[in-house]
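Visitor: Next input, structure requested:
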Amino acid sequence: MKYLTEKEVSEITRLALSTLRNHRHLRRGIPYCKIGASVRYNEEDVLAFMEVRKIRFDSDQPSPDRPRYFQGRGDQYYRLENDGSRTPIGKKEIIF
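Guide: Now for the predicted structure:
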């Protein structure tokens with residue numbers, strides 16, 4: 001497990017440091033750890049954050065064995081079913 005600084009996360013996601021800080025203040029965005037005054041992000045959480053926001057095109061629609069995911073408010077994640085319904089899931093249930 002690798003932890004990243006907010007500057008490293010900013011470089012990976014191309015989100016401004018001020019945006020990451022604002023997300024933390026609003027309790028949204030990428031989960032993080034705080035050690036004293038230092039902020040660290042789990043690399044897997046950063047990659048999951050980016051993956052659930054991936055835009056897919058008709059030719060790139062996931063097959064039934066590769067479902068689509070997205071993040072709702074806060075830390076709630078959903079799986080988009082083939083019939084269009086949403087199933088709430090935990091972050092650990094996301095399959096890449």
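
Visitor: Extract the residue ranges of the protein that are flagged as low pLDDT.
Guide: Regions of the chain meeting the criterion pLDDT under 70 cover residues 58-75, 82, 90-96.

Visitor: In it, what residue spans correspond to strands?
Guide: Ranges of strands within the chain are 3-4, 33-35, 38-42, 68-71, 77-80, 86-89, based on DSSP state E.

Visitor: how is this protein carved up into domains?
Guide: 1-51, 56-96 (automatic domain parsing).

Visitor: among the ones you listed, which is the most enclosed?
Guide: Most buried of the domains of the chain by mean neighbour count (mean count of other CB atoms under 10 Å) is domain 1-51; its value is a mean of 14. Backbone N, C-alpha and C define where each C-beta goes, glycine included.

Visitor: so how far is that one from its chain's centroid?
Guide: In terms of CA atoms, centre = their mean, to the nearest Å, the centre of domain 1-51 is set 10 Å apart from its chain centre.

Visitor: Any figure for the gap between Arg24 and Ile12?
Guide: Note on Arg24: its distance to Ile12, by CB to CB, to the nearest Å, is 16 Å.

Visitor: Also His25?
Guide: Counting by CB to CB, the gap from His25 to Ile12 is 20 Å.

Visitor: what residues are up against the residue located most distally from the centre of the chain?
Guide: Note on the chain: the largest separation between a C-alpha and the mean C-alpha position, by CA atoms, centre = their mean, falls on Gly36 (24.0 Å). In this structure, Gly36 makes contact with no residue, judged by CB atoms under 8 Å, 6 or more residues apart in numbering.

Visitor: That one and Thr13, how far apart?
Guide: Applying CB to CB, the value for Gly36 to Thr13 is 24 Å.

Visitor: try Ile55
Guide: According to CB to CB, Ile55 and Thr13 sit 15 Å apart.

Visitor: Phe57 too?
Guide: Phe57 sits at a distance of 22 Å from Thr13 (criterion: CB to CB).

Visitor: tell me the contacts of Thr87?
Guide: Thr87 makes contacts with 78-79, 81, as judged by CB under 8 Å, 6+ apart.
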